[in-house]
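Visitor: Whatever this is, show me its structure:
(one chain, ligands or ions: 1)
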Amino acid sequence: MGTSKRLRLATVWLSGCSGCHMSFLDQDERLIELAGKVHLVYSPIADIKAFPEDVAITLVEGAVGNEEQLALIRQVRARTKILVSLGDCAVTGNVTALRNGFTDSAKSILERAYVETADINPQVPTDVPQLLDQARALHELVKVDCYIPGCPPSADLINYVLTELLSGRTPSMEGKSKYG
Ligand code: SF4
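Guide: Below is the predicted model:
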């Protein structure tokens, strides 16, 4: 089958540990079946630089933690038909949002990372993306169409959701385990 008949699929990695992408890869041989149905147009596992237009389904791992990610998630939303929040960091903020309880968390994190714990040349860099004051779950910033909870979600759950979406059905989480 040529790529023109396949649905355009993307995966995005924001502020997460990559565990959700590892779980995606844990679909193992089911990935071969998936590859027959989709054209992977953007993903950290494919190293494509620019987020493309006209994407059918995008899975997003991680919360939104900085200005660069905020711009990307807005672009993803504008160019994606079905946006899927993949994993607890994307769904609730989870680990990424632990810093939110601290006053002025963005400033204190940078100070801790680059000044207080530096052995040489302590200074906060200016050429990294600006941290948001708080890490945000995706739905706080853009419309989300589907949620896959879990830390990470099981490969079985990811496969179930993808299979349903690719078949034009709405996945139901009723009775589904996050952890397989
Ligand atoms: Fe990592 Fe869990 Fe967050 Fe996924 S939900 S990015 S596995 S910490």
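
Visitor: quick one, helices of this protein?
Guide: Applying DSSP state H to the chain gives helices spanning 19-25, 30-35, 67-79, 88-92, 105-111, 155-166.

Visitor: Correct me if wrong: Thr80 contacts Ala10.
Guide: Yes - using CB atoms under 8 Å, Thr80 is in contact with Ala10, at 7.1 Å. Where C-beta positions appear, they are placed from N, C-alpha and C, glycine not excepted.

Visitor: list residues touching both of the two?
Guide: Contact criterion CB atoms under 8 Å, 6 or more residues apart in numbering; residues shared by Thr80 and Ala10: Val55, Ile57, Thr58.

Visitor: Leu165: which of those is nearest?
Guide: For these, the residue nearest Leu165 by CB to CB is Ile57; the value is 5.7 Å.

Visitor: That closest one touches Val76, doesn't it?
Guide: No - the pair Ile57 / Val76 is not scored as a contact, 11.1 Å apart, by CB under 8 Å.

Visitor: which neighbours do those two share?
Guide: Joint contacts of Ile57 and Val76 (CB under 8 Å, 6+ apart) are Ala10.

Visitor: Quick check: residues of the chain near the ligand?
Guide: The chain has residues 16-17, 19-20, 61-62, 87-89, 94-95, 151-152 near the ligand, with proximity defined as CB under 6 Å from any ligand atom.
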